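K.L.:
Give me a 3D structure for the following:
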Amino acid sequence: MKKKVETIVRVILGLILLIFGLDKFFEFVPHGHVMTEELITAYHGLLANKFIMPSVGVVEFISGILLISGRYVIVALVAMIPVVFGILGFHLSVDLPGILPGLGVALMHIYLIATRREVIVDFIKQTDSI
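P.N.:
Sure, this is the predicted structure:
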């Protein structure tokens with residue numbers, strides 16, 4: 001049962017990341033909530049950089065594919081740590097009403113990392129002794 005829940009969470013998170021990763025390039029997801037002036041300014045600042053959002057999109061897209069396929073899941077989860085931090089930081093500082101989807105992504109991410117904590121701890125111990 002635990003393995004089925006983990007697989008379902010992994011695939012759902014992978015699909016979310018795949019869709020929002022592609023959205024960074026093709027902008028097909030409607031962003032329905034009312035955008036305040038502060039939110040528009042912050043988002044335009046991210047878009048003006050020409051590097052941040054495409055980089056986030058590539059990491060989301062590749063992580064989504066890895067999570068859906070079930071291969072290199074730990075690599076995908078580790079790569080997503082700064083992205084999840086950025087999602088939560090953005091919503092906490094600029095768009096608190098829109099935080100629920102980002103919080104859902106963060107909770108799924110934390111759950112998947114927690115299910116693999118032993119492997120991650122062993123990896124850290126091995127690399128620490130090098």
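
K.L.:
CA atoms for contacts and neighbours, from now on please.
P.N.:
Fine.

K.L.:
thought E60 was touching P82?
P.N.:
No. With contact defined as CA atoms under 8 Å, E60 does not reach P82; the gap is 10.8 Å.

K.L.:
Which one's more surrounded, the two?
P.N.:
E60 (27 against 13; other CA atoms under 10 Å).

K.L.:
That one and A76: what is the separation?
P.N.:
9 Å (CA to CA, to the nearest Å).

K.L.:
likewise R10?
P.N.:
11 Å.

K.L.:
Give the residues shared as contacts by the two.
P.N.:
Each of L67 lies in contact with both R10 and A76 under the rule CA atoms under 8 Å, 6 or more residues apart in numbering.

K.L.:
Please give the centre-to-centre distance between the helix or strand hosting F25 and its chain.
P.N.:
According to DSSP states H and E, F25 maps onto helix 2-26. Distance of helix 2-26 from the chain centroid (CA atoms, centre = their mean, to the nearest Å) equals 9 Å.

K.L.:
Please enumerate residues in contact with that helix?
P.N.:
Under CA under 8 Å, 6+ apart, the answer for helix 2-26 is 29, 53-54, 56-68, 70, 105, 108-109, 112, 115.
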